[in-house]
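Visitor: fold the following for me, if possible:
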Amino acid sequence: NKTSARMIIEPRMRGFICLTSHPKGCEQSVINQINYVKSKGAIDGPKKVLVIGASTGFGLASRITSAFGSNAATIGVFFEKAPAAGKTASPGYYNSLAFHTQAEKAGLYAKSINGDAFSNEVKKQTIDLIKADLGQVDLVIYSLASPVRQHPVTGVLHRSVLKPIGDTFSDKTVDFHTGIVSEVTITPCSDEDIANTVQVMGGEDWKMWTDALLDAGVLAEGAMTVAYSYIGPDVTEPVYRKGTIGMAKEHLEATAFEITEDLAKIGGKAFVSVNKALVTQASSAIPVIPLYISLLYKIMKAKGSHEGCIEQIQRLYSERLYTNGGIPVDEKGRIRIDDWEMDEAVQKEVAELWKGATTENLPAIGDLNGYKSDFLNLFGFGFEGVDYAAEANEMVEIPGLITVEK
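Guide: So this is what the prediction gives:
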(Lines give C-alpha, C1' and ligand atoms only; values in the text may rest on other atoms or scores of the structure.)
Protein backbone atom coordinates (compact mmCIF):
# COMPACT_ATOMS: atom_id res chain seq x y z
CA ASN A 1 0.00 0.00 0.00
CA LYS A 2 1.25 3.43 -0.90
CA THR A 3 -0.17 4.97 2.25
CA SER A 4 -1.30 3.25 5.35
CA ALA A 5 -3.97 5.13 7.20
CA ARG A 6 -5.57 4.06 10.43
CA MET A 7 -8.94 4.96 11.81
CA ILE A 8 -11.71 3.55 13.96
CA ILE A 9 -14.62 3.13 11.58
CA GLU A 10 -18.19 3.34 12.82
CA PRO A 11 -21.46 3.28 10.90
CA ARG A 12 -22.66 6.78 10.00
CA MET A 13 -26.24 6.87 8.77
CA ARG A 14 -27.99 9.33 6.52
CA GLY A 15 -31.55 8.28 5.76
CA PHE A 16 -31.47 4.96 3.91
CA ILE A 17 -27.75 4.87 3.40
CA CYS A 18 -24.72 4.30 5.52
CA LEU A 19 -21.90 6.71 4.64
CA THR A 20 -19.09 4.51 5.94
CA SER A 21 -18.04 0.92 5.36
CA HIS A 22 -15.63 -1.36 7.21
CA PRO A 23 -12.85 -3.10 5.23
CA LYS A 24 -12.40 -5.90 7.78
CA GLY A 25 -16.12 -6.38 8.15
CA CYS A 26 -16.63 -6.58 4.39
CA GLU A 27 -13.81 -9.10 4.26
CA GLN A 28 -15.48 -11.19 6.96
CA SER A 29 -18.76 -11.04 5.04
CA VAL A 30 -17.08 -12.39 1.89
CA ILE A 31 -15.25 -15.13 3.83
CA ASN A 32 -18.53 -16.21 5.46
CA GLN A 33 -20.17 -16.47 2.03
CA ILE A 34 -17.23 -18.43 0.61
CA ASN A 35 -17.34 -20.83 3.56
CA TYR A 36 -21.06 -21.36 3.05
CA VAL A 37 -20.62 -22.21 -0.64
CA LYS A 38 -17.76 -24.60 0.12
CA SER A 39 -19.80 -26.29 2.86
CA LYS A 40 -22.47 -27.20 0.30
CA GLY A 41 -20.03 -29.10 -1.92
CA ALA A 42 -18.88 -28.73 -5.52
CA ILE A 43 -21.30 -27.72 -8.28
CA ASP A 44 -20.65 -28.99 -11.80
CA GLY A 45 -21.14 -25.45 -13.03
CA PRO A 46 -19.59 -22.74 -15.17
CA LYS A 47 -15.86 -22.49 -15.82
CA LYS A 48 -15.41 -18.91 -17.08
CA VAL A 49 -17.82 -16.32 -15.81
CA LEU A 50 -18.52 -12.63 -16.37
CA VAL A 51 -20.52 -10.94 -13.61
CA ILE A 52 -21.91 -7.50 -14.47
CA GLY A 53 -22.68 -5.89 -11.13
CA ALA A 54 -20.28 -8.11 -9.18
CA SER A 55 -19.57 -6.22 -5.96
CA THR A 56 -22.63 -6.55 -3.71
CA GLY A 57 -25.80 -8.56 -3.17
CA PHE A 58 -26.84 -11.18 -5.72
CA GLY A 59 -24.03 -10.26 -8.13
CA LEU A 60 -21.32 -10.78 -5.51
CA ALA A 61 -23.02 -14.01 -4.39
CA SER A 62 -22.99 -15.17 -8.04
CA ARG A 63 -19.28 -14.44 -8.34
CA ILE A 64 -18.54 -16.30 -5.09
CA THR A 65 -20.71 -19.29 -6.06
CA SER A 66 -19.08 -19.48 -9.52
CA ALA A 67 -15.56 -19.31 -8.11
CA PHE A 68 -15.81 -21.32 -4.90
CA GLY A 69 -18.63 -23.67 -5.93
CA SER A 70 -17.38 -24.44 -9.45
CA ASN A 71 -13.72 -23.31 -9.46
CA ALA A 72 -14.58 -20.80 -12.16
CA ALA A 73 -12.36 -18.00 -13.44
CA THR A 74 -14.30 -14.77 -12.96
CA ILE A 75 -14.28 -11.25 -14.35
CA GLY A 76 -16.30 -8.75 -12.33
CA VAL A 77 -17.64 -5.41 -13.54
CA PHE A 78 -18.80 -2.82 -11.00
CA PHE A 79 -18.92 0.90 -10.29
CA GLU A 80 -17.48 1.49 -6.84
CA LYS A 81 -15.78 4.31 -4.99
CA ALA A 82 -12.12 3.75 -4.06
CA PRO A 83 -10.98 4.95 -0.62
CA ALA A 84 -9.38 8.35 0.03
CA ALA A 85 -7.37 9.23 3.14
CA GLY A 86 -9.83 9.42 6.02
CA LYS A 87 -12.73 8.36 3.77
CA THR A 88 -13.76 4.76 3.41
CA ALA A 89 -14.40 3.15 0.04
CA SER A 90 -17.91 1.98 -0.84
CA PRO A 91 -18.65 -1.49 0.60
CA GLY A 92 -18.57 -3.08 -2.87
CA TYR A 93 -14.95 -1.98 -3.24
CA TYR A 94 -13.91 -3.72 -0.01
CA ASN A 95 -16.04 -6.78 -0.89
CA SER A 96 -14.26 -7.07 -4.22
CA LEU A 97 -10.83 -6.67 -2.63
CA ALA A 98 -11.68 -9.48 -0.20
CA PHE A 99 -12.91 -11.63 -3.08
CA HIS A 100 -9.67 -11.06 -5.02
CA THR A 101 -7.57 -11.92 -1.96
CA GLN A 102 -9.45 -15.18 -1.33
CA ALA A 103 -9.49 -16.13 -5.03
CA GLU A 104 -5.74 -15.64 -5.23
CA LYS A 105 -5.22 -17.84 -2.15
CA ALA A 106 -7.35 -20.52 -3.79
CA GLY A 107 -5.41 -20.24 -7.08
CA LEU A 108 -8.45 -18.91 -8.95
CA TYR A 109 -8.31 -16.34 -11.75
CA ALA A 110 -10.08 -13.09 -10.80
CA LYS A 111 -9.91 -9.68 -12.45
CA SER A 112 -12.21 -6.69 -12.13
CA ILE A 113 -13.18 -3.58 -14.07
CA ASN A 114 -14.40 -0.50 -12.21
CA GLY A 115 -16.53 1.84 -14.34
CA ASP A 116 -19.99 2.54 -15.69
CA ALA A 117 -21.30 -0.78 -17.02
CA PHE A 118 -23.84 1.10 -19.16
CA SER A 119 -21.03 2.70 -21.16
CA ASN A 120 -19.54 1.44 -24.43
CA GLU A 121 -16.04 1.93 -23.00
CA VAL A 122 -16.57 -0.57 -20.19
CA LYS A 123 -18.10 -3.11 -22.58
CA LYS A 124 -15.09 -2.76 -24.90
CA GLN A 125 -12.60 -3.05 -22.03
CA THR A 126 -14.38 -6.16 -20.73
CA ILE A 127 -14.35 -7.82 -24.14
CA ASP A 128 -10.62 -7.05 -24.55
CA LEU A 129 -9.93 -8.61 -21.15
CA ILE A 130 -11.94 -11.76 -21.95
CA LYS A 131 -10.10 -12.12 -25.27
CA ALA A 132 -6.70 -11.64 -23.67
CA ASP A 133 -7.15 -13.86 -20.62
CA LEU A 134 -10.05 -16.28 -20.98
CA GLY A 135 -10.86 -16.49 -24.68
CA GLN A 136 -14.57 -17.02 -24.03
CA VAL A 137 -17.01 -17.09 -21.13
CA ASP A 138 -19.74 -19.69 -20.59
CA LEU A 139 -21.90 -17.75 -18.13
CA VAL A 140 -22.83 -14.06 -17.96
CA ILE A 141 -24.62 -12.84 -14.84
CA TYR A 142 -26.39 -9.50 -15.20
CA SER A 143 -27.05 -7.99 -11.77
CA LEU A 144 -26.94 -4.21 -12.05
CA ALA A 145 -28.76 -2.09 -9.48
CA SER A 146 -28.30 1.52 -10.47
CA PRO A 147 -30.76 4.40 -10.05
CA VAL A 148 -29.45 6.24 -13.14
CA ARG A 149 -28.21 5.34 -16.61
CA GLN A 150 -26.53 7.50 -19.17
CA HIS A 151 -27.60 6.06 -22.49
CA PRO A 152 -24.50 5.11 -24.51
CA VAL A 153 -26.08 6.09 -27.84
CA THR A 154 -28.19 9.17 -27.08
CA GLY A 155 -26.14 10.45 -24.13
CA VAL A 156 -29.38 11.13 -22.22
CA LEU A 157 -29.24 10.63 -18.45
CA HIS A 158 -32.27 8.58 -17.38
CA ARG A 159 -33.37 8.46 -13.72
CA SER A 160 -35.54 5.66 -12.42
CA VAL A 161 -38.41 6.43 -10.08
CA LEU A 162 -40.29 4.30 -7.65
CA LYS A 163 -43.94 5.12 -8.05
CA PRO A 164 -47.32 3.48 -8.51
CA ILE A 165 -49.07 3.72 -11.88
CA GLY A 166 -52.54 5.24 -12.19
CA ASP A 167 -53.61 5.75 -8.58
CA THR A 168 -52.14 7.32 -5.47
CA PHE A 169 -50.98 4.52 -3.19
CA SER A 170 -51.27 4.51 0.60
CA ASP A 171 -50.25 1.76 2.99
CA LYS A 172 -48.07 1.00 6.00
CA THR A 173 -44.33 1.18 6.11
CA VAL A 174 -41.68 1.07 8.82
CA ASP A 175 -38.65 3.26 9.44
CA PHE A 176 -36.25 0.45 10.23
CA HIS A 177 -33.92 2.77 12.19
CA THR A 178 -36.61 3.82 14.67
CA GLY A 179 -39.10 0.96 14.36
CA ILE A 180 -41.96 3.41 13.82
CA VAL A 181 -44.78 2.04 11.68
CA SER A 182 -46.58 4.79 9.76
CA GLU A 183 -48.80 5.40 6.77
CA VAL A 184 -47.02 6.29 3.54
CA THR A 185 -48.64 7.87 0.49
CA ILE A 186 -47.00 7.85 -2.93
CA THR A 187 -48.36 9.84 -5.84
CA PRO A 188 -48.64 8.12 -9.22
CA CYS A 189 -45.99 8.48 -11.91
CA SER A 190 -46.09 10.16 -15.29
CA ASP A 191 -45.60 8.28 -18.58
CA GLU A 192 -42.14 9.81 -18.74
CA ASP A 193 -41.32 8.26 -15.34
CA ILE A 194 -42.23 4.82 -16.68
CA ALA A 195 -40.11 5.30 -19.81
CA ASN A 196 -37.11 6.47 -17.76
CA THR A 197 -37.38 3.61 -15.28
CA VAL A 198 -37.55 1.06 -18.12
CA GLN A 199 -34.46 2.70 -19.67
CA VAL A 200 -32.51 2.29 -16.42
CA MET A 201 -33.79 -1.03 -15.06
CA GLY A 202 -35.25 -2.78 -18.09
CA GLY A 203 -33.51 -5.20 -20.43
CA GLU A 204 -31.95 -2.89 -23.04
CA ASP A 205 -28.50 -2.78 -21.47
CA TRP A 206 -28.53 -6.55 -20.82
CA LYS A 207 -29.22 -7.05 -24.54
CA MET A 208 -26.52 -4.53 -25.49
CA TRP A 209 -24.01 -6.47 -23.40
CA THR A 210 -25.02 -9.80 -24.90
CA ASP A 211 -24.96 -8.44 -28.46
CA ALA A 212 -21.49 -6.96 -27.91
CA LEU A 213 -20.15 -10.20 -26.39
CA LEU A 214 -21.73 -12.29 -29.16
CA ASP A 215 -20.41 -10.04 -31.95
CA ALA A 216 -16.93 -10.17 -30.43
CA GLY A 217 -17.00 -13.98 -30.38
CA VAL A 218 -16.32 -14.19 -26.63
CA LEU A 219 -19.36 -16.30 -25.73
CA ALA A 220 -18.66 -20.04 -25.61
CA GLU A 221 -20.85 -22.61 -27.35
CA GLY A 222 -23.93 -23.14 -25.16
CA ALA A 223 -23.24 -20.03 -23.06
CA MET A 224 -25.96 -18.94 -20.68
CA THR A 225 -26.88 -15.49 -19.39
CA VAL A 226 -29.01 -14.84 -16.30
CA ALA A 227 -30.55 -11.59 -15.02
CA TYR A 228 -32.28 -11.15 -11.67
CA SER A 229 -35.83 -10.00 -11.00
CA TYR A 230 -38.38 -9.85 -8.22
CA ILE A 231 -42.14 -10.30 -8.14
CA GLY A 232 -43.25 -10.26 -4.50
CA PRO A 233 -46.62 -10.47 -2.78
CA ASP A 234 -49.95 -8.68 -3.24
CA VAL A 235 -49.16 -6.22 -0.46
CA THR A 236 -46.16 -4.70 -2.29
CA GLU A 237 -47.73 -5.03 -5.74
CA PRO A 238 -48.99 -1.43 -6.28
CA VAL A 239 -45.59 0.08 -5.49
CA TYR A 240 -43.48 -2.73 -6.93
CA ARG A 241 -44.75 -5.19 -9.51
CA LYS A 242 -47.57 -2.97 -10.79
CA GLY A 243 -45.55 0.22 -10.40
CA THR A 244 -42.74 1.76 -12.46
CA ILE A 245 -40.20 -0.86 -11.33
CA GLY A 246 -42.57 -3.66 -12.30
CA MET A 247 -42.76 -2.24 -15.82
CA ALA A 248 -38.96 -2.31 -16.00
CA LYS A 249 -38.88 -5.90 -14.69
CA GLU A 250 -41.44 -6.95 -17.30
CA HIS A 251 -39.26 -5.40 -19.98
CA LEU A 252 -36.26 -7.30 -18.55
CA GLU A 253 -38.21 -10.56 -18.58
CA ALA A 254 -39.39 -10.03 -22.17
CA THR A 255 -35.80 -9.26 -23.20
CA ALA A 256 -34.73 -12.75 -22.05
CA PHE A 257 -36.66 -14.22 -24.99
CA GLU A 258 -35.06 -11.80 -27.47
CA ILE A 259 -31.59 -12.63 -26.17
CA THR A 260 -32.35 -16.37 -26.35
CA GLU A 261 -33.18 -15.90 -30.06
CA ASP A 262 -29.87 -14.06 -30.56
CA LEU A 263 -27.97 -16.81 -28.76
CA ALA A 264 -29.59 -19.63 -30.73
CA LYS A 265 -26.68 -19.65 -33.20
CA ILE A 266 -24.28 -20.68 -30.42
CA GLY A 267 -26.85 -22.89 -28.65
CA GLY A 268 -27.05 -20.39 -25.79
CA LYS A 269 -29.95 -19.24 -23.61
CA ALA A 270 -31.03 -16.27 -21.51
CA PHE A 271 -33.01 -16.62 -18.30
CA VAL A 272 -34.50 -14.34 -15.71
CA SER A 273 -34.32 -15.69 -12.18
CA VAL A 274 -36.96 -14.37 -9.80
CA ASN A 275 -35.28 -14.07 -6.41
CA LYS A 276 -36.45 -13.62 -2.84
CA ALA A 277 -37.01 -10.30 -1.05
CA LEU A 278 -33.79 -9.36 0.75
CA VAL A 279 -32.31 -6.39 2.52
CA THR A 280 -30.28 -4.44 -0.03
CA GLN A 281 -29.45 -0.77 -0.33
CA ALA A 282 -32.04 -0.57 -3.09
CA SER A 283 -34.87 -2.37 -1.26
CA SER A 284 -34.38 -0.36 1.93
CA ALA A 285 -35.40 2.79 0.09
CA ILE A 286 -38.67 1.32 -1.20
CA PRO A 287 -41.60 2.19 1.07
CA VAL A 288 -43.62 -0.82 2.33
CA ILE A 289 -40.81 -3.29 1.54
CA PRO A 290 -38.95 -3.00 4.92
CA LEU A 291 -42.16 -3.78 6.83
CA TYR A 292 -42.93 -6.70 4.51
CA ILE A 293 -39.38 -8.06 4.87
CA SER A 294 -39.38 -7.84 8.67
CA LEU A 295 -42.64 -9.85 8.83
CA LEU A 296 -41.42 -12.29 6.16
CA TYR A 297 -38.08 -12.90 7.93
CA LYS A 298 -39.77 -13.73 11.22
CA ILE A 299 -41.98 -16.33 9.54
CA MET A 300 -39.30 -17.85 7.28
CA LYS A 301 -36.75 -18.05 10.10
CA ALA A 302 -39.32 -19.86 12.27
CA LYS A 303 -39.96 -22.28 9.40
CA GLY A 304 -36.23 -22.75 8.77
CA SER A 305 -36.60 -21.60 5.16
CA HIS A 306 -34.96 -18.17 5.41
CA GLU A 307 -32.15 -17.46 2.93
CA GLY A 308 -29.75 -14.59 2.34
CA CYS A 309 -28.16 -13.72 -1.03
CA ILE A 310 -25.54 -16.46 -0.88
CA GLU A 311 -28.00 -19.22 0.07
CA GLN A 312 -30.32 -18.10 -2.73
CA ILE A 313 -27.64 -18.11 -5.40
CA GLN A 314 -26.00 -21.36 -4.24
CA ARG A 315 -29.43 -23.00 -4.54
CA LEU A 316 -30.03 -21.32 -7.92
CA TYR A 317 -26.80 -22.86 -9.27
CA SER A 318 -27.08 -26.28 -7.63
CA GLU A 319 -30.84 -26.90 -7.99
CA ARG A 320 -31.82 -24.92 -11.11
CA LEU A 321 -29.02 -23.94 -13.49
CA TYR A 322 -26.60 -26.87 -13.16
CA THR A 323 -28.48 -30.08 -12.42
CA ASN A 324 -27.44 -31.92 -15.63
CA GLY A 325 -31.15 -31.88 -16.49
CA GLY A 326 -33.46 -29.25 -17.90
CA ILE A 327 -33.86 -25.88 -16.19
CA PRO A 328 -37.32 -25.71 -14.59
CA VAL A 329 -39.25 -22.50 -15.36
CA ASP A 330 -42.74 -21.11 -14.65
CA GLU A 331 -45.48 -20.45 -17.23
CA LYS A 332 -43.72 -17.21 -18.22
CA GLY A 333 -40.36 -18.90 -18.75
CA ARG A 334 -38.83 -17.58 -15.52
CA ILE A 335 -36.70 -19.47 -13.02
CA ARG A 336 -38.32 -19.24 -9.57
CA ILE A 337 -35.98 -19.26 -6.62
CA ASP A 338 -38.49 -17.16 -4.67
CA ASP A 339 -40.51 -20.37 -4.25
CA TRP A 340 -40.02 -20.56 -0.46
CA GLU A 341 -40.99 -16.91 0.02
CA MET A 342 -44.08 -17.22 -2.19
CA ASP A 343 -45.19 -20.45 -0.49
CA GLU A 344 -48.92 -20.14 0.16
CA ALA A 345 -48.72 -20.73 3.91
CA VAL A 346 -45.91 -18.15 4.29
CA GLN A 347 -47.80 -15.50 2.32
CA LYS A 348 -51.03 -16.15 4.23
CA GLU A 349 -49.22 -15.56 7.52
CA VAL A 350 -47.60 -12.35 6.25
CA ALA A 351 -50.97 -11.01 5.06
CA GLU A 352 -52.55 -11.75 8.46
CA LEU A 353 -49.75 -10.07 10.43
CA TRP A 354 -49.70 -7.13 8.02
CA LYS A 355 -53.26 -6.13 8.87
CA GLY A 356 -52.50 -5.66 12.56
CA ALA A 357 -48.88 -4.45 12.40
CA THR A 358 -48.18 -1.41 14.61
CA THR A 359 -45.12 0.31 16.08
CA GLU A 360 -45.98 -1.35 19.42
CA ASN A 361 -46.34 -4.96 18.26
CA LEU A 362 -43.78 -5.07 15.45
CA PRO A 363 -40.90 -6.13 17.75
CA ALA A 364 -42.97 -9.19 18.67
CA ILE A 365 -44.52 -10.09 15.30
CA GLY A 366 -41.67 -9.02 13.01
CA ASP A 367 -37.91 -9.37 12.79
CA LEU A 368 -36.85 -5.75 12.83
CA ASN A 369 -33.55 -6.64 14.51
CA GLY A 370 -32.80 -9.08 11.69
CA TYR A 371 -33.55 -6.32 9.21
CA LYS A 372 -31.28 -3.82 10.97
CA SER A 373 -28.48 -6.33 11.32
CA ASP A 374 -28.70 -7.31 7.64
CA PHE A 375 -28.62 -3.62 6.71
CA LEU A 376 -25.48 -2.98 8.79
CA ASN A 377 -23.91 -6.15 7.35
CA LEU A 378 -24.19 -4.62 3.86
CA PHE A 379 -21.58 -2.06 4.96
CA GLY A 380 -19.35 -4.49 6.84
CA PHE A 381 -20.69 -3.82 10.34
CA GLY A 382 -21.92 -6.26 12.96
CA PHE A 383 -19.88 -9.35 12.05
CA GLU A 384 -18.60 -11.74 14.68
CA GLY A 385 -14.82 -12.07 14.72
CA VAL A 386 -14.17 -8.44 13.72
CA ASP A 387 -12.70 -6.06 16.30
CA TYR A 388 -14.60 -2.88 15.55
CA ALA A 389 -12.87 -1.00 18.37
CA ALA A 390 -9.51 -1.49 16.63
CA GLU A 391 -8.16 0.96 14.07
CA ALA A 392 -8.63 -0.21 10.50
CA ASN A 393 -6.70 0.69 7.38
CA GLU A 394 -9.21 2.17 4.95
CA MET A 395 -6.56 2.87 2.28
CA VAL A 396 -6.38 -0.56 0.67
CA GLU A 397 -6.36 -1.20 -3.07
CA ILE A 398 -7.67 -3.95 -5.31
CA PRO A 399 -4.64 -5.42 -7.10
CA GLY A 400 -4.71 -5.07 -10.89
CA LEU A 401 -8.07 -3.26 -10.87
CA ILE A 402 -8.84 -1.80 -14.29
CA THR A 403 -10.54 1.56 -13.84
CA VAL A 404 -12.38 2.97 -16.83
CA GLU A 405 -12.90 6.73 -16.64
CA LYS A 406 -15.63 8.30 -18.74
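
Visitor: ranges for the helices of the stretch 301-406 of the chain?
Guide: Secondary structure of the stretch 301-406 of the chain by DSSP state H, counting those that start in this stretch: the helices cover 309-316, 344-356, 362-365, 368-378.

Visitor: residue 311 versus the residue lying closest to residue 301 once chain neighbours are set aside, what's the distance?
Guide: Excluding the flanking residues, the one nearest residue 301 by CB to CB, 6 or more residues apart in numbering is residue 367, at 6.5 Å. C-beta: built from backbone N, CA, C; applies to glycine. Computed as CB to CB, to the nearest Å, the residue 367 to residue 311 distance reads 16 Å.

Visitor: those two - which one has more neighbours?
Guide: residue 367 (22 against 19; other CB atoms under 10 Å).

Visitor: what residues does the more buried one make contact with?
Guide: 294-295, 297-298, 301 (CB atoms under 8 Å, 6 or more residues apart in numbering).

Visitor: residue 193 now?
Guide: So residue 193 contacts 161, 163, 244 (CB under 8 Å, 6+ apart).

Visitor: and the pLDDT for it?
Guide: Predicted confidence (pLDDT) for residue 193: 97.

Visitor: now residue 2
Guide: Value for residue 2, per-residue pLDDT: 45.

Visitor: repeat that for the one 4 residues further on.
Guide: At residue 6, the predicted lDDT confidence score is 80.

Visitor: which residues touch the worst-scoring helix or strand of the chain on mean pLDDT?
Guide: Within the chain, confidence by mean pLDDT, DSSP states H and E is lowest for helix 281-284 among all helices and strands, at a mean of 81. Here helix 281-284 makes contact (CB under 8 Å, 6+ apart) with 16-17, 56, 145, 176, 277, 289-290, 293, 375, 378.

Visitor: which residue lies farthest from the center of this structure?
Guide: When distances are taken from the C-alpha mean of the chain, residue 360 lies farthest, 32.1 Å away, according to CA atoms, centre = their mean.

Visitor: state the distance from that residue to residue 160.
Guide: In terms of CB to CB, residue 360 sits 35 Å off from residue 160.

Visitor: same question, residue 151
Guide: Computed with CB to CB, the distance linking residue 151 and residue 160 is 13 Å.

Visitor: now swap in residue 208 and tell me
Guide: Using CB to CB, residue 208 is found at 17 Å from residue 160.

Visitor: neighbour count: the two, which is higher?
Guide: residue 160 (21 against 16).

Visitor: strands of the stretch 151-300 of the chain, residue ranges please.
Guide: Secondary structure of the stretch 151-300 of the chain by DSSP state E, counting those that start in this stretch: the strands cover 157-159, 169-175, 180-186, 219-229, 269-274.

Visitor: what residue ranges in the chain score low on pLDDT?
Guide: For the chain, the stretches flagged by pLDDT under 70 are 1-5.

Visitor: what is the longest helix along it packed up against?
Guide: Counting residues, the longest helix found in the chain (DSSP state H) is helix 244-263. If you count contacts as 3 or more CB pairs under 8 Å, 6 or more residues apart in numbering; DSSP states H and E, helix 244-263 packs onto helix 191-201, helix 204-215, strand 219-229, strand 269-274.

Visitor: strand partners (parallel or antiparallel) of the shortest one?
Guide: In the sheet containing strand 269-274, the strands it pairs with under DSSP bridges are strand 219-229 (parallel), strand 335-336 (parallel).
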